[in-house]
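Enquirer: The sequence and its predicted three-dimensional model are supplied below.
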Amino acid sequence: MRYISTRGQSEPLAFDEVLLTGLATDGGLYVPMEWPQYSETDLAEMRGMSYAELLYRVIHPFVDGCIADDRLRVIVDETCAAFRHQAVAPLKQLSAGRWMMELFHGPTLAFKDYALQLVGRLFSEVLAARGERVTIIGATSGDTGSSAIEACRDRDNIDIFILHPQGRVSEVQRRQMTTVASANVHNVAIDGTFDDCQDLVKSLFNDSDARATFRLGAVNSINWARIMAQIVYYAWASLALGGERREVNFAVPTGNFGNIYAGFCARTMGFPVGRLVVGTNQNDILARFMATGEMSILGVSPSLSPSMDIQVSSNFERLLFEAMDRNSEQLRSWMQEFRAAGSARAPQDAWERIRTEFSAHRYDDEDTKSWIDDTWKKTGELVDPHTAIGIAAAADECSDGREPIVSISTAHPAKFPDAVESATGMRPPLPPFLADLFEREERCVSLPNSAEAVVAHIAATLG
Ligand SMILES: *Cc1c(COP(=O)(O)O)cnc(C)c1O
C-alpha cells in the first residue's frame, strides 16, 4: 500500500514514511492510494472477533509489510492491554435503537488514546528498525498532550516535549501531563495562549537547523496512522449492531474531523456504516458548511467542550478530496482560495455528495448542559460535555429510533467535572487508577513565549 498527498505534488510514500512524516511536503494530507474492500464473507468472518483481532485485521493492509506480522501482533496486543475494559470499546444502550460507544477507557480518559496508544508503539518499532531517534514536539490545549505523553513515555528512541499555555488548561489535564515521571517526557508551560504554543511549534518545524539537529517529529491529528487506528472502532460497532441489510449510523462530537473521517473510511471499505452525523458546539464551521456549502472562518470562542473549539477542521481536506473524485488540482486551487480569503464555496456536486452521507447539528453551552442533565435523568449515565453533543446529535438525527445510531463518547465525565456538576449536581469521581492524581508530584518548566527560549531548553535537556 502506498500513500498519496491530497495536493498531488509529493511523491507517494510507504507506510513507515507516512507515519514519521505526518504532513506531506506539498502541504497536503496523505491518504491510501486505494481502499481495501471487504465482502460480506469477510465481514461475517470478522463479526465476533475480539477488538485486538479486529485491530490487527483492519490495519494489516495499511501497514503492508512495513512491520513483520509477528511484531504487529505483539504491538496490537500491547495496545489493547493498555485499556481498562475487556471490550476495549464497550457499547452501552441508551434507549431503543440508540447506543453510546465509550472511548474513554484508555490511560488519559479521552478517545485520542485509541489512536495514540497504537501510534506510539508503531513509531518506536519503525525507529528501532531504522536505528533512528526522534524528538516529538507538540502543543496542547488539553487532551492531546497527555494522550501523546502516555503513548511515548519510556520509549528508548523518543523524547517528547509538550507545550501548554500556562494557567489555561484544566487542573486535571495539566496534572495528567506533569505527573508522568518518565525521563523522556518534558513538559513546558508557556507564558501565552494555546495559539502562541502552536506558533512556537510551527516556528520550530520551519527552523531547518532545529528540525535537523533535534530530528523533530509530530503525532498531530492529521497523521494518517491515527486515522487508521480509529477506523477500527467504527468497524467494531458496525459489525456488532449492523448486518447485511442494516447499516449503523454514528453521531460524533467533532473538532478537527479526524474521528468522524475514520467512520467515512470504514464505510468506504465496506463496513455497514450508514449516516455520519457531526455534532459541533458554537464553533460551528462544519454545521454552517453542511447547511450552505460555504466554508468560512470565524473567531474561536471558548465553550464547555474545549477539545472542539476549533477554527478550521484540518482533516476535512481528506473528505473534500474524495468528494472531488480525488482531483488534486481542483482541491489545491480550492484550498488556496480558502486560505487566501478565509472562505470558499465548495463545488455544487462535491457539497451534494457530502450531504448524502453527512449531516451536522450545532449545540451551544446551554444545550450541552441540558443534554448532560437529560441523559443523567433518563439513563443514570453521567456524560462529559463533548459526549453530550454526540448524544444530542444522535437524537436530533434519528428521532424514530428505527435505525441503530451510535453516539461516540469521547471523554470520561471526570475530565470535565465542573460542567457535569453544574448540569446535574453530581460530581463525577476520577477512576481508581487516577484517584491520587492530585497528590502526585508535578514536573514542568515555565518559559516565555519565545522560540529561542524553547530551542535553548530543548538543546539543554537533550544534552
Ligand atoms: C479531540 C477531541 C474531540 C474532537 O475530535 P476530532 O477528531 O478533532 O474531530 C472531541 N472530544 C474530545 C474529548 C476530544 O479530546
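Expert: Cool, got the structure.
Enquirer: taking the mean pLDDT, what do you get for stretch 363-375?
Expert: Computed over stretch 363-375, the mean pLDDT rounds to 98.
Enquirer: quick one: buried residues of that stretch?
Expert: Buried positions in stretch 363-375, judged by neighbour count with 16 or more other CB atoms under 10 Å: 363, 365, 367-369, 371-375. C-betas here are computed from N, CA, C, even on glycine.
Enquirer: how about the CA coordinates for that stretch, as CSV?
Expert: Output in CSV follows, covering the C-alpha atoms of stretch 363-375 (Å, rounded to 0.1, in the frame of the first residue of the first chain):
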residue,chain,number,x,y,z
TYR,A,363,-25.3,23.0,20.3
ASP,A,364,-24.3,25.9,22.5
ASP,A,365,-23.3,25.6,26.1
GLU,A,366,-26.9,25.8,27.4
ASP,A,367,-28.0,23.0,25.1
THR,A,368,-25.0,21.0,26.2
LYS,A,369,-25.8,21.3,29.9
SER,A,370,-29.4,20.4,29.3
TRP,A,371,-28.4,17.2,27.4
ILE,A,372,-26.0,16.2,30.2
ASP,A,373,-28.9,16.6,32.6
ASP,A,374,-31.4,14.8,30.3
THR,A,375,-29.0,11.9,29.8
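Enquirer: Contacts for that stretch, please.
Expert: 94, 279-282, 303-305, 381-385, 388-389, 391-393, 419-420, 422-424 (CB atoms under 8 Å, 6 or more residues apart in numbering).
Enquirer: Name the residues of the host helix or strand of His386 that are buried.
Expert: If you go by DSSP states H and E, His386 is part of helix 385-397. Of all the residues in helix 385-397, those buried under the rule 16+ other CB under 10 Å are 385-395, 397.
Enquirer: coming back round to it: only the buried subset of the contacts of stretch 363-375, as a PyMOL command please.
Expert: Filtering these down to the buried ones (16+ other CB under 10 Å) takes a single PyMOL command:
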select buried, resi 94+279+280+281+282+303+304+305+381+382+383+384+385+388+389+391+392+393+419+420+423+424
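Enquirer: Quick check: residues of the protein near the ligand?
Expert: Residues of the chain lying close to the ligand by CB under 6 Å from any ligand atom are 110, 112, 143, 221, 253-259, 307-308, 386, 410-411.
Enquirer: rerun at 5 Å
Expert: Residues of the chain lying near the ligand by CB under 5 Å from any ligand atom: 110, 143, 253-256, 258-259, 307, 386, 410-411.
Enquirer: and the least confident of those?
Expert: Among those, Asp143 has the weakest pLDDT, 83.
Enquirer: what separates it from Thr424, distance-wise?
Expert: 22 Å (CB to CB, to the nearest Å).
Enquirer: Now name the helix or strand holding Ala344.
Expert: Element membership for Ala344 (DSSP H and E) is strand 343-345.
Enquirer: Measure how far the following helix or strand past that strand is from the centre of its chain, please.
Expert: Per DSSP H and E, the first helix or strand lying C-terminal to strand 343-345 is helix 348-357. The chain centroid and the centroid of helix 348-357 are separated by 24 Å under CA atoms, centre = their mean, to the nearest Å.
Enquirer: Near Gly299, how many other residues are there?
Expert: For Gly299, the neighbour count with other CB atoms under 10 Å is 6.
Enquirer: export stretch 418-433 as PDB, just CAs?
Expert: Provided in PDB are the C-alpha atoms of stretch 418-433 (Å, rounded to 0.1, in the frame of the first residue of the first chain):
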ATOM      1  CA  ASP A 418     -17.300  21.300  36.700                       C
ATOM      2  CA  ALA A 419     -19.600  21.200  33.600                       C
ATOM      3  CA  VAL A 420     -21.000  17.900  34.700                       C
ATOM      4  CA  GLU A 421     -21.600  19.100  38.300                       C
ATOM      5  CA  SER A 422     -23.200  22.300  37.200                       C
ATOM      6  CA  ALA A 423     -25.600  20.400  34.900                       C
ATOM      7  CA  THR A 424     -26.600  17.600  37.200                       C
ATOM      8  CA  GLY A 425     -25.400  18.500  40.800                       C
ATOM      9  CA  MET A 426     -23.300  15.300  40.700                       C
ATOM     10  CA  ARG A 427     -19.500  15.500  40.700                       C
ATOM     11  CA  PRO A 428     -18.000  12.500  38.700                       C
ATOM     12  CA  PRO A 429     -15.100  10.900  40.600                       C
ATOM     13  CA  LEU A 430     -11.800  10.000  38.800                       C
ATOM     14  CA  PRO A 431     -11.400   6.300  38.200                       C
ATOM     15  CA  PRO A 432      -9.400   4.500  40.900                       C
ATOM     16  CA  PHE A 433      -6.100   4.400  38.900                       C
END
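Enquirer: which residues touch that stretch?
Expert: By CB under 8 Å, 6+ apart, stretch 418-433 touches 84, 109, 172, 304, 368-370, 372-373, 376, 382-385, 412-414, 417, 435, 437.
Enquirer: Just those residues: which are in helices?
Expert: Among the contacts of stretch 418-433, the ones falling in helices (DSSP state H) are 172, 368-370, 372-373, 376, 385, 417.
Enquirer: can you tell me which two in those residues are farthest apart?
Expert: With CB to CB as the measure, no two of the ones in helices among the contacts of stretch 418-433 lie farther apart than Val172 and Ser370, at 23.7 Å.
Enquirer: In three-state terms, label Ser446 for me.
Expert: Following DSSP: H, G, I helix; E, B strand; the rest coil, Ser446 is assigned to strand.
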